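*Asks:* Pasting the sequence and the predicted model now:
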Amino acid sequence: MRILLDECVNMRFRHEIPVHDVRTVDFMRWKSLQNGELLTAAAKQFDIFVTLDGNIPSQQSLERFDIAVFVLKAKSNALADLLPLVASLLEAAEASENGKTRLIEEA
């Protein structure tokens, strides 16, 4: 599975998802792209887009993008706050659906 981490997600989080091909917006050199442009570009190369931006579902019509969007709900983007979400993220990745948004929070 190909996963893209939004720039608001701590880039060290990518190392916690070793069974998938995980890249960051920064690595892809897409930091200048706005949400719609970013999702369009991401949909061409990735299966899942991971963000901390809980407003993205109301800002974009996500069903028009050929990519699943996962919103992480954590206290902050500190790695320690994101680590408890790894298991839920990996489980959700196996059942991801393009054009759908899924909230990932601590169980």
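*Replies:* Yes, it's here. All values derive from a computational prediction rather than experimental measurement.
*Asks:* Can I get stretch 94-107 as CSV, trimmed to CA atoms?
*Replies:* Listed next in CSV are the C-alpha coordinates belonging to stretch 94-107 (Å, rounded to 0.1, in the frame of the first residue of the first chain):
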residue,chain,number,x,y,z
GLU,A,94,-6.4,-2.9,4.9
ALA,A,95,-10.1,-1.9,4.5
SER,A,96,-9.6,1.6,2.9
GLU,A,97,-12.0,2.8,0.3
ASN,A,98,-11.2,5.5,-2.3
GLY,A,99,-13.2,8.7,-1.9
LYS,A,100,-14.0,7.9,1.8
THR,A,101,-12.7,9.6,4.9
ARG,A,102,-11.9,7.6,8.0
LEU,A,103,-11.2,9.1,11.5
ILE,A,104,-8.3,7.3,13.2
GLU,A,105,-8.2,7.7,17.0
GLU,A,106,-7.0,5.9,20.0
ALA,A,107,-9.1,2.8,20.8
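*Asks:* avg pLDDT for it?
*Replies:* The average pLDDT within stretch 94-107 is 89.
*Asks:* Also stretch 55-64?
*Replies:* Average pLDDT, stretch 55-64: 78.
*Asks:* Just say helix, strand or coil for the residue nearest to residue 14 when sequence neighbours are not counted.
*Replies:* Take residue 14 and drop its neighbours on the chain: the residue closest to it by C-beta to C-beta, 6 or more residues apart in numbering is residue 22, 4.2 Å away. (Glycine included, C-beta is placed from N, CA and C.) Assigned with DSSP: H, G, I helix; E, B strand; the rest coil, residue 22 falls in the strand class.
*Asks:* Count the neighbours of residue 22 for me.
*Replies:* Residues lying near residue 22 (other C-beta atoms under 10 Å) number 21.
*Asks:* That one and residue 29, how far apart?
*Replies:* 16 Å (C-beta to C-beta, to the nearest Å).
*Asks:* ok, now residue 102?
*Replies:* 27 Å.
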